[in-house]
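Q: coords please:
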Amino acid sequence: MDAGRVLDDLRELARLTGGPDGARRVCWTDEWARAREFLRSRLEELPVDTHTDAAGNLWAELAGRQEGFVIVGSHVDSVPAGGWLDGALGLFGAVEALRAQAGAGQPAVGLRLVDWADEEGARFGRSLFGSSACTGTLDVDEVRDLRDRDGERLEEVVARYDVDLDRAHESGAQLSGARAYIELHIEQGPVLESRGEPAATVLGTCGVERHVAAFTGQTAHAGATPMELRRDSFAATAQAALAIREIGIRHDGVCTVGGATSEPGVVTAVAGHTDMLLDQRHLDPDALAAMLAEARTACERAAADHGCEVELQYLWSIPPIPFDDRLIALARQAVLEAGGKDTAIPSGPLHDAAEMARLLPTVMIFSSSSPPVSHTKEEDTPEADLRVAIEAYGRTVEATLGLAAAGELPPFK
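A: Numbers count the residues shown, from 1 in each chain. Below is the predicted model:
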């Protein structure tokens, strides 16, 4: 793997589809199509067969001597005003993996690149569109009427890019013969930077529970209602939010109160109703269930303390998805050999790898993020750390191909 070529590709992509306000490769837009054209220009230099599937995912295959293939890839789409590395690092790392294997002759097992369509969900709010269509978890009836900020329907927009929503699940045929999936990505958080480490193996993606805690009290005049006689829904919410923070700390997970909206929402009135947004994540399913149960109890206690009632309303959830132990071991060794440490961490953010891990042996490698932010134009990683992560990724791909050639990773049927 030539990390320099990966970095050159990333910088050129940023030049074409970035600028002072950050990346602008939102899926199902002209800028996204332009980014894909740049990707195709790089793939045209290689002895690969390329095509786009029924869900809009772009594939490029380097045939091997044996049956089946290992999948490498990520996504070229971005959030508005996003960073230059999110998704793109993994995708152009995968291009370089194809280059390296093609340069060494025909591999024992094939290597297939994928650029997943609409990982971010930035335009319609539905993340992992292409990969979930591929694994069969996308409910097309739930997404067809989603609308963007201009009121356009998802079904009509994707049709402009030759995606017939009712046939999107035909994308699953691309997995026939797949032996494993490997993805390179930036961490998007502070863990590796805080440890001074350039890269790490990923253990899996955390499970997520999302709810709205709806607190109902009594609207009252701010001047006429004594403190001890108030049924203040916002006060109950504040108490619950602080308790929920401690729940996350106690279980070594993350609990986030993303916002609270009160009614009537005026300075002269006690809040009669408050909706609190709650997101909880953990790699261990039992710990995640315990955090949710404790959050419910904390909300009920806070409501009772302030003379209110509370209802936890379900929004969305996904179970923890662990990655393959064999591939984790290969990746950990690869990170060490590339100049990193034997570090393995869970991923709080979701990735297309989470969908693939439902069906295939899967692993991810993270580079550090410094500053430790993503989904913003300030997103970055030191070049030295990127080089370690790219080298580790290349070594992991090579080792996985060897494992597949030895018959340890049978083709998916």
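
Q: those strands in the stretch 51-200 of the chain, which residues are they?
A: Ranges of strands within the stretch 51-200 of the chain are 58-62, 69-74, 110-115, 178-186, 199-205, based on DSSP state E, counting those that start in this stretch.

Q: same for the third one, what does it pack against?
A: Counting contacts by 3 or more Cβ pairs under 8 Å, 6 or more residues apart in numbering; DSSP states H and E, the secondary-structure elements packed against strand 110-115 are helix 30-43, strand 58-62, strand 69-74, helix 88-103. Placement of C-beta: from N, CA and C, glycine included.

Q: tell me the mean pLDDT over that strand?
A: Averaged across strand 110-115, the pLDDT comes to 98.

Q: could you pull out the helices for the stretch 101-250 of the chain?
A: Under the criterion DSSP state H, counting those that start in this stretch, helices of the stretch 101-250 of the chain are mapped to 129-135, 140-143, 154-159, 191-195, 233-250.

Q: For Tyr393, find the nearest of these.
A: helix 191-195 (14.8 Å; Cβ to Cβ).

Q: which helices and strands does that closest one pack with?
A: Using 3+ Cβ pairs under 8 Å, 6+ apart, helix 191-195 sits against strand 199-205.

Q: and the strand it packs on, which strands flank it?
A: Note on strand 199-205: by DSSP bridges, its sheet partners are strand 321-322 (antiparallel), strand 344-347 (parallel), strand 362-367 (antiparallel).

Q: Pull the contacting residues for Arg281.
A: Residues near Arg281 by Cβ atoms under 8 Å, 6 or more residues apart in numbering: 206-209, 253-254, 288, 348.

Q: re the thing from before, can you redo the strands of the stretch 51-200 of the chain as CSV, where the extra columns are mean neighbour count and distance to Leu403?
A: Formatted as CSV, these follow (neighbours: other Cβ atoms under 10 Å; distance: least, Cβ to Cβ, whole Å):
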stretch, mean neighbour count, distance to Leu403
strand 58-62, 21, 18
strand 69-74, 27, 9
strand 110-115, 27, 13
strand 178-186, 28, 8
strand 199-205, 25, 15
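
Q: Dump these into TSV; add distance to Gly248 as well.
A: Output for these, formatted as TSV (distance: least, Cβ to Cβ, whole Å):
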stretch	distance to Gly248
strand 58-62	38
strand 69-74	28
strand 110-115	34
strand 178-186	23
strand 199-205	17
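
Q: Out of the ones you listed, the one nearest Ala241 is which?
A: With Cβ to Cβ as the criterion, Ala241 lies closest to strand 199-205 of the strands of the stretch 51-200 of the chain, at 25.3 Å.

Q: Now do that closest one against strand 178-186, angle only.
A: Orientation check (axes from the mean of the first three to the mean of the last three Cα atoms, to 10 degrees): strand 199-205 against strand 178-186 gives 120 degrees.

Q: Relative to Gly68, which of the strands paired with strand 199-205 is closest?
A: strand 362-367 (15.3 Å).

Q: List the neighbours of the closest one that are in contact with it.
A: Applying Cβ under 8 Å, 6+ apart, the external contacts of strand 362-367 come out as 85, 89, 180-187, 192, 198-202, 323-324, 327-328, 330-331, 334-335, 345, 347, 351, 353, 356, 381, 385-386, 388-390, 392-393, 396.

Q: Now it: buried residues?
A: Using 16 or more other Cβ atoms under 10 Å as the test for burial, strand 362-367 gives 362-367.

Q: Which member of those is positioned nearest Ala271?
A: Phe366 (41.1 Å).

Q: Show me the beta-bridge partners of that closest one.
A: His185, Ala200.

Q: Can you give me the pLDDT of it?
A: In the predicted model, Phe366 carries a pLDDT score of 98.

Q: What of Asp380?
A: Note for Asp380: predicted pLDDT of 96.

Q: State the distance from Met227 to Val270.
A: Met227 is 10 Å from Val270, where distance means Cβ to Cβ, to the nearest Å.

Q: And those two? Which one has more around it.
A: Using other Cβ atoms under 10 Å as the criterion, Met227 and Val270 rank with Val270 on top: 22 against 8.

Q: Now Gly56: closest residue in space that isn't a chain neighbour?
A: Distances taken as Cβ to Cβ, 6 or more residues apart in numbering put Ala117 closest to Gly56, at 3.6 Å, once the chain neighbours are dropped.
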